[in-house]
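> Got a predicted structure here, sequence first:
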Amino acid sequence: MKKIVRLTEYDLTRIVRRVINESRLLTEGVPNTTLTSGGDIAVAARTVCTTGNDYIMVSFIVDNTAGAADAYLTQSPYLSNVSLGGGFATIKITGQYNVTIGGKPSWGQADQQNSPKIPKGKKATVNVVLSTNQQSAVVQMKTAPMDAAGGKIYQEYWAAVKALKTATMNVRYNGALLVIPMTFGGFTMGPTTACDAAITLPKGF
């Protein structure tokens, strides 16, 4: 005679949770969309302001026309392969970025939070604000004794900025990391150099 096993509501809940967790493990890390780059990023020659924060806005195209699902940026795009000078990263991301389509911000709900969105079948512009980080060097040089060592740090920093030619823009989203080569046209700077006109951020920042 077969024994009948009675499952309680607690047992049923445990079974359902286990099935859900196993399903998640099977699909974890599998991209549900794929972004491609609209081309390498080129930054024109830049006059750096040495009296305050100096920002550069970089815009580039990403393509989701071949994607099977909407793409959502999961963090601010960031640079790699950037040379160092005087203990400072010569270019850094300020945390300001957005996605626009036709000049209008594109947002959507991903994992219960509002995130920049590149809809499937669409191309979009990613706008990122970079900083030359020069103010940090200026502040340090004003607060620290300008001895030989301090002057050397200062000079190394400016030399590294002026020599910066290439970097890599990394874009993280709900798919494989998108890596885009980036080139800089050069930097001109000095204690008496006038700043470029202030950049105007796109709506949505």
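Nice, I can see it.
> Which SSE is immediately downstream of the least confident helix or strand in the chain by mean pLDDT?
Ranked by mean pLDDT, DSSP states H and E, the weakest helix or strand in the chain is helix 9-27, scoring a mean of 51. Tracing the chain C-terminally past helix 9-27 and defining elements by DSSP states H and E, one meets strand 36-37 next.
> Other residues contacting that next one?
With Cβ atoms under 8 Å, 6 or more residues apart in numbering as the test, strand 36-37 has contacts from 60-63, 66, 178, 180. Backbone N, C-alpha and C define where each C-beta goes, glycine included.
> Including secondary structure and pLDDT, could those go into CSV?
CSV is the format used below for the contacts of strand 36-37 (DSSP: H, G, I helix; E, B strand; the rest coil; pLDDT from 0 to 100):
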residue, secondary structure, pLDDT
F60, strand, 96
I61, strand, 97
V62, strand, 97
D63, strand, 96
A66, coil, 85
L178, strand, 95
I180, strand, 96
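> Which pair of those residues spans the longest distance?
F60 and A66 (17.6 Å; Cβ to Cβ).
> out of the two, which sits in the busier spot?
Neighbours around F60 and A66, counted as other Cβ atoms under 10 Å, are more numerous at F60. The numbers are 20 against 11.
> any idea how far that one is from A68?
As judged by Cβ to Cβ, to the nearest Å, F60 and A68 stand 22 Å apart.
> List buried residues within the contacts of strand 36-37.
60, 62-63, 178, 180 (16 or more other Cβ atoms under 10 Å).
> show me where pLDDT drops low in this structure?
1-32, 50-52, 84-87, 111-112, 137-150, 190-205 (pLDDT under 70).
> now the helices for it?
Using DSSP state H, the helices of the chain run over 9-27, 134-143, 148-163.
> and the residue lying closest to N64 once chain neighbours are set aside, what is it in contact with?
The shortest distance from N64 to any non-neighbouring residue, by Cβ to Cβ, 6 or more residues apart in numbering, is to I118 (4.6 Å). By Cβ under 8 Å, 6+ apart, I118 lies in contact with 35, 62, 64, 67, 70-73, 99, 106, 124, 173.
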